[in-house]
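Asker: Predicted model follows, preceded by the sequence.
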Protein chains: 4
Amino acid sequence: MELTRILARHPRVEKPLLLRRSADGGESVKALPFIASSGDGNGNGNGHVAAFSWETLQQHCIELLFLATPHGVSRELVPEAMARGLRVVDLSGAWRLKQAEHRAVYGFSDVDTGAAAKLDASAVYGLPELNGASIPGAALVANPGCYATSVILGLAPLVAADLIDRERGIISDSKSGVSGAGKEPTARTHFVSIADNFSAYSMFEHRHTGEILEQLRLDAGQLTFTPHLLPIPRGILSTIYVNLKSATTAAHIQQCLGDSYGSKRWVRIYAPGNLPEIQHSVHTNYCDIGFTLAKDGKRLIVVSCLDNLLKGAAGQAVQNMNLMCGFDESEGLE
Amino acid sequence: MELTRILARHPRVEKPLLLRRSADGGESVKALPFIASSGDGNGNGNGHVAAFSWETLQQHCIELLFLATPHGVSRELVPEAMARGLRVVDLSGAWRLKQAEHRAVYGFSDVDTGAAAKLDASAVYGLPELNGASIPGAALVANPGCYATSVILGLAPLVAADLIDRERGIISDSKSGVSGAGKEPTARTHFVSIADNFSAYSMFEHRHTGEILEQLRLDAGQLTFTPHLLPIPRGILSTIYVNLKSATTAAHIQQCLGDSYGSKRWVRIYAPGNLPEIQHSVHTNYCDIGFTLAKDGKRLIVVSCLDNLLKGAAGQAVQNMNLMCGFDESEGLE
Amino acid sequence: MELTRILARHPRVEKPLLLRRSADGGESVKALPFIASSGDGNGNGNGHVAAFSWETLQQHCIELLFLATPHGVSRELVPEAMARGLRVVDLSGAWRLKQAEHRAVYGFSDVDTGAAAKLDASAVYGLPELNGASIPGAALVANPGCYATSVILGLAPLVAADLIDRERGIISDSKSGVSGAGKEPTARTHFVSIADNFSAYSMFEHRHTGEILEQLRLDAGQLTFTPHLLPIPRGILSTIYVNLKSATTAAHIQQCLGDSYGSKRWVRIYAPGNLPEIQHSVHTNYCDIGFTLAKDGKRLIVVSCLDNLLKGAAGQAVQNMNLMCGFDESEGLE
Amino acid sequence: MELTRILARHPRVEKPLLLRRSADGGESVKALPFIASSGDGNGNGNGHVAAFSWETLQQHCIELLFLATPHGVSRELVPEAMARGLRVVDLSGAWRLKQAEHRAVYGFSDVDTGAAAKLDASAVYGLPELNGASIPGAALVANPGCYATSVILGLAPLVAADLIDRERGIISDSKSGVSGAGKEPTARTHFVSIADNFSAYSMFEHRHTGEILEQLRLDAGQLTFTPHLLPIPRGILSTIYVNLKSATTAAHIQQCLGDSYGSKRWVRIYAPGNLPEIQHSVHTNYCDIGFTLAKDGKRLIVVSCLDNLLKGAAGQAVQNMNLMCGFDESEGLE
């Protein structure tokens, strides 16, 4: 939904084509007001909706394909898309992981030894602030997970500067709004289960953990990542706890973050004394980062905040498209 | 859930027996902490859970059966229960309506010309404040709908005193929390669909309309009932608009309400200048009623407020049980 | 806040100047990220913040002044602004009402017999869909109230076509998110008072009533307007009940709405069978309108939905500015 | 409010007397429906409301005084109350801390070298599960902070069994509903600031930190406590991270918790695989505790959940009263 909204207004995208695997005309028209005209007054769509087929895809001379499909489906579709000369931004977890032990969590690591497995090496992890150099030339970009984006961006400068005492363990206590749990109605996403509630889940085994470990080059035992479910529609806030190798100052941390992100359009660094909160980040493509350093100069807490549907998914996907196509990184994202 | 919670603590109910039509042991234990012991720390249950069968029912010497089943299932089970000498409080819409044109909305009006149809005449509409005289001797009590309870209690004294100009139309603009929409997870009850939202539905055709018309003896054209969905877990507030036959005073309206409800334990009348709000009524068995009269003395707005799961369902069902069994009307409901 | 957000990105507005009557530098910077740079990472402001003085105003060659001041302050400032040749869009209730009995509710009707009173006649009620012809030439535009916008737009076509039986009374049961109650922290706007709650207020005496009566040329007794407070941040939904003079069809109502609003950019008419809901209207400048007609063809319910901060306030103010300045009506509002 | 609600229904408390320091009759009647009769329909009060004076207090032969006053006021009132032979349960932070460096955060450590300072040594920290032996004979009980209760109860058995590697640091990432922030309306507690939001605050300096350190006998550098504000009315969930001295099993942890709390009425231990969530704890006096152990057997996450207004404040205060007066610990709390 968010992706179609952005693409429909993107100045460099002409009439986006939405392909659905199951044809459910009426429902899709209602749910996708930005692409198609509808009967409920929302009909100022700019685009087409059609049933998926490779023929339809190629008739429309599409160059770049976004896939928002289950992980297993992406493993099937991407090799065919590549063979047909399409470039792909995949929003599932299918192509994010290089190491077999991390990929195991998705359950497709053993079965696809064929075409898919051959592509794993060339897939680029689509976090522009880290991998901005390799995304423009990539044929296949794996769009990062929402939690992973918030944790990696919060930690990457500190890891790069080798400030963290990894042996003492890094903890990310992360909290997400409900849209992160998917649009399927379940007992867990029922309004009455979420409202006035808060809970932790998937302790020590959330599948975004592997992405974080790989991108930050951490060992499994060095990171504890705990997701929680917030009673709000959207937004992620990660409270990240690290111990520094040696005592330092807030100014030093501020400079370290500034060195990494000063020129990055979609990361905002908060001044010491200010912390990001979800309300300021949602409905934007920013990842907001702030921190507090203990008086001992060694215990550091980083707060990283983003909109799970934008910087955590569709916004970042468009950011990747912009880089792949040579557009300005921010087009369509203001 | 609410019914098991009340019954498990009711001083006159011994070890309530919960019968489920589909046996799903683990799930029921988790969801019904008040009846059964469970492994998640909530296990201070007082009661039994078992698969439904008439034999199990009678082995436990049950006298009174609460049915929280779909309407059609109630039409099947109640005749058998009556034949076995059980008394029944039915929480569905199966037995609430006397008139065929109102019953049509439930779709069983034509098909059951047998045992069920013979019971329609003897079923008592279980609104204790109106039908307190006939409930104690009833074998079958139809527990009212949640919306219907709020609207009928708000209007009944004014109708009884013949104050309303019915020809000008009565409007109840009612708003309900999401638990009124059932526990099934659907696209409509998904947290993301409800949060930050508000909407009207079933205009001119909600199936509680018939109950209101029958109990207040109104013609179909005299009442407009519009339900809305509030982004809160529980509670109903009905804003009810009537035109009076002749100009009157707030004191007169206050007295009219007091005459009807002064001795009723579970209706609270607000003094003029105060209006009920959902927060004060939820988690209680009260129906709270307030009003404002226009300066012209003729346009009257009644606000009626209750907890849809208590006075609008389980609490009222226990109130009915108390009356049927000769207990104090309020036992187990404080 | 919303107004500064829109103006900061408006293609025809150059570096908007925000003047505050009390100088509170730090606080304003934090609260107005769109205008000024700030230390909390939100600092991509485009504009200036300064203490209010007429000199500062004129140094910046401002042509048009938005006033978001209390009603009484607007009565003082506007005559001076007009004398200095400025055009004004006033967001308070100070200039909306022509009739003394409606104005009484604001408490300034008796005292200002001087400069302010002379301007009342020339102030234009800034509802572009109704008064689009007189706004472009106006020197003083009174931006409508949020509730009033939703009710007037829902009713205006039916009133203009003389379809409504006014003697039977029109009822607008309106519900608003909390931002409509202002940003002042009060016991009433405390999170704990609002969450899980819903309540009616100001029955028969809300001060937006006069605007609706004047714009629709209704007598006081013909309209009952009841506001309610929704536990959501933003959005208004009005459920409006009318009786038609004679039975008609949904197609006729649809056509009546289409005739009035077919060419209007910021009103969306829903097809029969679909109703607006708050989630689809918020964060847009649209007023969404749908309806349901009873089977008797005479009882009509109109649902009108908008964002109280956009079409109900800042968005409409910019729409008025666009018309006053000869810009496209939609600039800066997409 | 919660305290008056519990006391009004407590079987061993006769007509509780509520004394207010500022006389605001009308408002108090409205806000305290459980104590006094009121005009808004909520009037089934059982108790008295009066202006505070020592004479009024003693006329009513009160034995035990609950103080819900600001910290500084408690420091003034308690010595006088003790001199008059009253026993006190104080709900502020005035008497919780023994160590001057922890007490400094409240700002009264330096000034009161007189009567108040003499009482510090005899005040008992009122956490019944830890100090159950000394509460019955205490004249002055300091009711614990809400966050502190959740963190201390989650950690105490592990500390007592000396399982934790304190040198690696203990982290409690705690989240509280808004009622924990007090009933004063502020910009921060405004509905619009809280709804759809989530934020951290008081990093490294929240004043409940001292209580936790003292009760668990930890050094300041061994605990990092980070509070966050949840967009819900009530409830606290603490996610507590510890490293164990040596690898162990979930069964061992389970047994350790059971040894400490097996006989405690108001702590519920969840079985491995289940975690507490706020919805199951609110509106009860329970502290719910669950945990997950990493596969390495050394990283342990404890989840501790309670209602900040009950086990975190008023419920615990009554639990303390019950112990002080020789009643059953659970009276009035079911």
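Answerer: In hand now; what should we look at? Numbers count the residues shown, from 1 in each chain, chains lettered A, B, ... in the order given.

Asker: residue contacts, the residue of the stretch 201-334 of chain A found nearest chain D?
Answerer: Among the residues of the stretch 201-334 of chain A, A:Glu277 lies nearest to chain D; the distance is 3.5 Å by Cβ to the nearest Cβ. (C-beta placed from N, C-alpha, C; glycine too.) Applying Cβ atoms under 8 Å, 6 or more residues apart in numbering or on different chains to A:Glu277 gives the contacts A:Leu237, A:Cys305, D:Asn197, D:Phe198, D:Ser199, D:Ala200.

Asker: switch the cut-off to 7 Å
Answerer: Counting by Cβ atoms under 7 Å, 6 or more residues apart in numbering or on different chains, A:Glu277 touches A:Cys305, D:Asn197, D:Phe198, D:Ser199.

Asker: Give me the neighbour count for the last one.
Answerer: Read that as D:Ser199. 21 (other Cβ atoms under 10 Å in any protein chain shown).

Asker: list the contacts for it?
Answerer: Applying Cβ under 7 Å, 6+ apart, we find D:Ser199 in contact with A:Leu275, A:Glu277, D:His228, D:Leu229.

Asker: do you know how far the residue of the stretch 201-334 of chain A closest to chain D is from D:Pro79?
Answerer: As judged by Cβ to Cβ, to the nearest Å, A:Glu277 and D:Pro79 stand 42 Å apart.

Asker: thinking again about what came up before, could you measure from the residue of the stretch 201-334 of chain A closest to chain D over to A:Leu306?
Answerer: For A:Glu277, the distance to A:Leu306 - Cβ to Cβ - is 12 Å.

Asker: What residues sit buried inside stretch A:5-13?
Answerer: Residues A:Arg5, A:Ile6, A:Leu7, A:Ala8, A:His10, A:Val13 are the ones in stretch A:5-13 that count as buried (16 or more other Cβ atoms under 10 Å in any protein chain shown).

Asker: Actually, stretch A:66-86.
Answerer: Within stretch A:66-86, the residues scored as buried using 16+ other Cβ under 10 Å are A:66-69, A:71-72, A:74-79, A:81-82, A:86.

Asker: returning to what we had before: for B:His48, state which of the buried residues of stretch A:5-13 is nearest.
Answerer: Proximity of the buried residues of stretch A:5-13 to B:His48 was ranked by Cβ to Cβ; the top entry is A:Arg5 with 52.5 Å.

Asker: Could you say which helix or strand holds the closest one?
Answerer: In the assignment (DSSP states H and E), A:Arg5 maps to helix A:2-9.

Asker: quick one: that helix to chain centroid distance?
Answerer: Helix A:2-9 has its C-alpha centroid displaced from the chain centroid by 16 Å (Cα atoms, centre = their mean, to the nearest Å).

Asker: Adjacent strands (with direction) for the helix or strand that comes right after that helix?
Answerer: Where DSSP H and E defines the elements, the next helix or strand beyond helix A:2-9 is strand A:17-20. Next to strand A:17-20 in the sheet, as set by DSSP bridges, lie strand A:48-51 (parallel).

Asker: which is the next helix or strand following the partner strand?
Answerer: Taking DSSP H and E, what comes next after strand A:48-51 is helix A:54-59.

Asker: same question for that next one, mean pLDDT?
Answerer: The predicted model gives helix A:54-59 an average pLDDT of 87.

Asker: And for stretch A:135-150?
Answerer: Mean predicted confidence for stretch A:135-150 is 98.

Asker: Then stretch A:97-110?
Answerer: Computed over stretch A:97-110, the mean pLDDT rounds to 80.

Asker: List the contacts of that stretch.
Answerer: By Cβ under 7 Å, 6+ apart, the residues outside stretch A:97-110 that reach it are A:His71, A:Gly72, A:Arg75, A:Gly93, A:Asp120, A:Arg207, A:Gly210, A:Glu211, A:Leu213, A:Glu214.

Asker: For the residues you listed, work out which two are farthest apart.
Answerer: The largest separation in the contacts of stretch A:97-110, counting by Cβ to Cβ, is between A:Gly72 and A:Leu213 at 22.5 Å.

Asker: Angles on the backbone of whatever residue of the stretch 201-334 of chain A ends up closest to chain B, please.
Answerer: The minimum distance from the stretch 201-334 of chain A to chain B, using Cβ to the nearest Cβ, falls at A:Pro233 (5.0 Å). A:Pro233 has phi and psi values of phi -70, psi -40 when expressed as degrees, to the nearest 10.

Asker: For A:Ile278, see how far away it is.
Answerer: Taken as Cβ to Cβ, the span from A:Pro233 to A:Ile278 is 10 Å.

Asker: Over to A:Glu214?
Answerer: Taking Cβ to Cβ, one finds A:Glu214 at 27 Å from A:Ile278.

Asker: okay, the two: which has more neighbours?
Answerer: Between A:Glu214 and A:Ile278, counted using other Cβ under 10 Å, A:Ile278 has the larger neighbour count: 25 against 17.

Asker: residues contacting the more buried one?
Answerer: Neighbouring residues of A:Ile278 by Cβ under 7 Å, 6+ apart: A:Ile232, A:Gly235, A:Leu237, A:Cys305, D:Asn197, D:Phe198.

Asker: give me the low-pLDDT residue ranges for the stretch 101-250 of chain A?
Answerer: Applying pLDDT under 70 to the stretch 101-250 of chain A flags residues A:109-113.

Asker: residue boundaries of the helices in it?
Answerer: For the stretch 101-250 of chain A, the helices defined by DSSP state H, counting those that start in this stretch occupy A:115-119, A:128-131, A:146-160, A:191-194, A:209-216, A:250-261.

Asker: Turn those into a markdown table, columns for distance to D:Asp162.
Answerer: Listed next are those as a markdown table, based on distance: least, Cβ to Cβ, whole Å:
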| stretch | distance to D:Asp162 |
| --- | --- |
| helix A:115-119 | 49 |
| helix A:128-131 | 42 |
| helix A:146-160 | 32 |
| helix A:191-194 | 39 |
| helix A:209-216 | 30 |
| helix A:250-261 | 35 |
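
Asker: still on that earlier bit, now do the same contact list for the residue of the stretch 201-334 of chain A closest to chain B.
Answerer: So A:Pro233 contacts A:Gly177, A:Val178, A:Ser179, B:Val192, B:Ala195, B:Asp196, D:Asp196 (Cβ under 7 Å, 6+ apart).

Asker: one step back: widest-spaced pair of the contacts of A:Ile278?
Answerer: A:Ile232 and A:Cys305 (12.4 Å).

Asker: Name the residues of chain A found near chain D, please.
Answerer: With Cβ under 7 Å from any Cβ of the partner chain as the criterion, chain A meets chain D at residues A:168-169, A:171, A:173, A:175, A:196-200, A:203-204, A:221, A:224, A:226, A:230-233, A:235, A:237, A:239, A:241, A:243, A:275, A:277-279, A:292, A:294, A:296, A:299, A:301, A:303.

Asker: Show me how to select, in ChimeraX, the buried members of those residues.
Answerer: ChimeraX command restricting the residues of chain A next to chain D to the buried ones, with burial defined by 16+ other Cβ under 10 Å:
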select /A:168,169,171,173,175,196,197,198,199,200,203,204,224,226,230,231,232,233,235,237,239,241,243,275,277,278,279,292,294,299,301,303
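
Asker: Narrow the residues of chain A next to chain D to those in strands?
Answerer: Judged by DSSP state E, the residues of chain A next to chain D include A:171, A:173, A:175, A:199-200, A:224, A:226, A:237, A:239, A:241, A:243, A:292, A:299, A:301, A:303 as members of strands.
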